[in-house]
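**Student:** Just need the structure, nothing else, for what follows:
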Amino acid sequence: MSTIAVNAITDASAGNTTTINGVTPNSANVIGKNLVINGAMQIAQRGTSGSTSSTGYLSVDRFIVNANGTSVTLAQSSDAPANTGLEYSMSFTRTASGQDFRHAVELPADGKAGRLDGTLTVSYYAKINTGTANGTFQYRYAASALGGGNTQTVTTSDSLTTTWQRFTHTFTNADTVAAGDLSFSMLWSVDTNCTLNITGVQLEVGSSATEFEHRPYTTEYQLCQRYLENIGVDASAAIWSGYGATVNYLNWQFKVQKRAIPTISGAVQGTAGGSYVTHALRYTTGSAYAAFGYNGSYSPVYADAEL
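**Tutor:** Residues are numbered from 1 along each chain as shown. Got it, this is the predicted structure:
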């Protein structure tokens, strides 16, 4: 049997519709049909729960909350629909009107929609903890998950109950991409105070909602790390370089190249050096040591390049 090795395959229409080993390339920095990263809510690098009264990524990777001035909680939950292969969901506790949560699909380039400019189908499983409520799904092109834009609302609302249901919406993208747009931002909200659980979120090209695509855990984790990397320092350890010298250097190679130069947060002794880029960083210090995870107290360190 002969083998032919190639670097790339491009179809004649330049539409990236060629299938290679059963995988269709797409324009959203993911592998497979699902343009949503972490739609199964498996990855929670920031922790299993978080609250805010403003905006922020709190728990489950790639999902951000808009609290609109009143405290709201996002959490990873083990409550999941049966017989779906899904093990987790994300819970969103609404406490006031105007609150929502969002997921930003990265565009292939600034102002370039790629395959997102056409007919799309979004699907997800959802339930609430008590009573009934109506859920709303919206979308728009924007510079970031929270960026302004020409918000489009899918007219059919979700009739939510305490039982898991799968909701699907097929729509022709009515928004227009523009220079400065870096994401296709999706928004979910609910019309009453309650806890909403959601999982199995999938966005795909075409007019049909197919079975949720389960990517390998390691693949999903690496896709998440393009936007956030937990350097892995916990309360019992830190990464050190030298002790007692006038200048110390500490280098860290990111496991995945970041979407953009990340913001470093957490306990750090030192200041960013000149080699601080999307794939690595170097810290320098004029004190006795350089360290990630310790500057008088231990804490996780994050490299954040979220949209």
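
**Student:** how many neighbours does G47 have?
**Tutor:** If you count neighbours by other CB atoms under 10 Å, G47 ends up with 13. Bear in mind the C-beta positions are built from the backbone N, C-alpha and C, glycine included.

**Student:** Find the nearest non-adjacent residue to it, please.
**Tutor:** Distance criterion CB to CB, 6 or more residues apart in numbering; nearest residue to G47, sequence neighbours excluded, is S59 at 6.0 Å.

**Student:** what residues are up against that neighbour?
**Tutor:** The contact partners of S59, taken as CB atoms under 8 Å, 6 or more residues apart in numbering, are 44, 46-50, 74-76, 90.

**Student:** Tell me, please, where in the stretch 201-307 of the chain the pLDDT is lower than the cut-off.
**Tutor:** Low-confidence segments of the stretch 201-307 of the chain, defined by pLDDT under 70: 232-236, 271-276.

**Student:** Going by residue numbers, what spans are helices in it?
**Tutor:** For the stretch 201-307 of the chain, the helices identified by DSSP state H, counting those that start in this stretch occupy 217-225, in order along the chain.

**Student:** For the spatially most central residue of the chain, which residues are in contact?
**Tutor:** A centroid search over the chain (CA atoms, centre = their mean) returns R62, at 1.7 Å, as the residue closest to the centre. R62 makes contact with 36-38, 43, 103-104, 224, 227, 306 under the criterion CB under 8 Å, 6+ apart.

**Student:** Specify which member of these is nearest to D175.
**Tutor:** A104 (13.7 Å; CB to CB).

**Student:** What strand or helix carries that closest one?
**Tutor:** A104 is part of strand 100-106, with elements assigned from DSSP states H and E.

**Student:** list the helices and strands that strand packs on?
**Tutor:** Where contact means 3 or more CB pairs under 8 Å, 6 or more residues apart in numbering; DSSP states H and E, strand 100-106 is packed against strand 63-66, strand 183-190.

**Student:** how about the closest residue to H214 other than its chain neighbours, secondary structure?
**Tutor:** The shortest distance from H214 to any residue that is not its chain neighbour, by CB to CB, 6+ apart, is 5.6 Å, and that residue is G85. Three-state assignment for G85 (DSSP: H, G, I helix; E, B strand; the rest coil): coil.

**Student:** Number of residues surrounding G85?
**Tutor:** Using other CB under 10 Å, G85 has 11 neighbouring residues.

**Student:** Check R46 too.
**Tutor:** Neighbours of R46 under the rule other CB under 10 Å: 20.

**Student:** again with G135
**Tutor:** A count of nearby residues for G135, using other CB under 10 Å, gives 18.

**Student:** Equivalent analysis for V65, please.
**Tutor:** V65 is surrounded by 26 other residues when neighbours are defined as other CB under 10 Å.

**Student:** how about it, what does it touch?
**Tutor:** 52, 55-58, 72, 74, 92, 99-102.

**Student:** and if we set it to 10 Å?
**Tutor:** Each residue near V65 by CB atoms under 10 Å, 6 or more residues apart in numbering is listed here: 50-52, 54-59, 72-74, 92-94, 99-102, 145-146.

**Student:** Got a quick PyMOL command for the buried subset of these?
**Tutor:** Here the buried members of the contacts of V65 are turned into a PyMOL selection, burial being counted by 16 or more other CB atoms under 10 Å:
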select buried, resi 50+51+52+56+57+58+59+72+73+74+92+93+94+99+100+101+102+145+146
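
**Student:** if we can go back for a sec, quick check: the residue nearest to the centre of the chain vs A142, distance?
**Tutor:** Plainly put, R62 is 15 Å away from A142 if you go by CB to CB, to the nearest Å.

**Student:** is T263 in a bridge, and if so with what?
**Tutor:** D304 (DSSP bridges).

**Student:** ok, back up a step: taking the contacts of V65 one by one, which sit in helices?
**Tutor:** The members of the contacts of V65 all map outside helices under DSSP state H.

**Student:** Looking at the contacts of V65, which are in strands?
**Tutor:** With strands taken from DSSP state E, the overlap with the contacts of V65 comprises 50-52, 55-57, 72-74, 92-93, 100-102.

**Student:** Now render these as JSON lines, adding distance to E204 and pLDDT.
**Tutor:** Compiled in JSON lines, those are given as follows (distance: CB to CB, whole Å; pLDDT from 0 to 100):
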{"residue": "G50", "distance to E204": "29", "pLDDT": "97"}
{"residue": "S51", "distance to E204": "32", "pLDDT": "97"}
{"residue": "T52", "distance to E204": "31", "pLDDT": "97"}
{"residue": "T55", "distance to E204": "28", "pLDDT": "96"}
{"residue": "G56", "distance to E204": "28", "pLDDT": "95"}
{"residue": "Y57", "distance to E204": "24", "pLDDT": "96"}
{"residue": "V72", "distance to E204": "29", "pLDDT": "96"}
{"residue": "T73", "distance to E204": "30", "pLDDT": "96"}
{"residue": "L74", "distance to E204": "24", "pLDDT": "97"}
{"residue": "F92", "distance to E204": "23", "pLDDT": "98"}
{"residue": "T93", "distance to E204": "29", "pLDDT": "97"}
{"residue": "D100", "distance to E204": "22", "pLDDT": "97"}
{"residue": "F101", "distance to E204": "20", "pLDDT": "98"}
{"residue": "R102", "distance to E204": "19", "pLDDT": "97"}
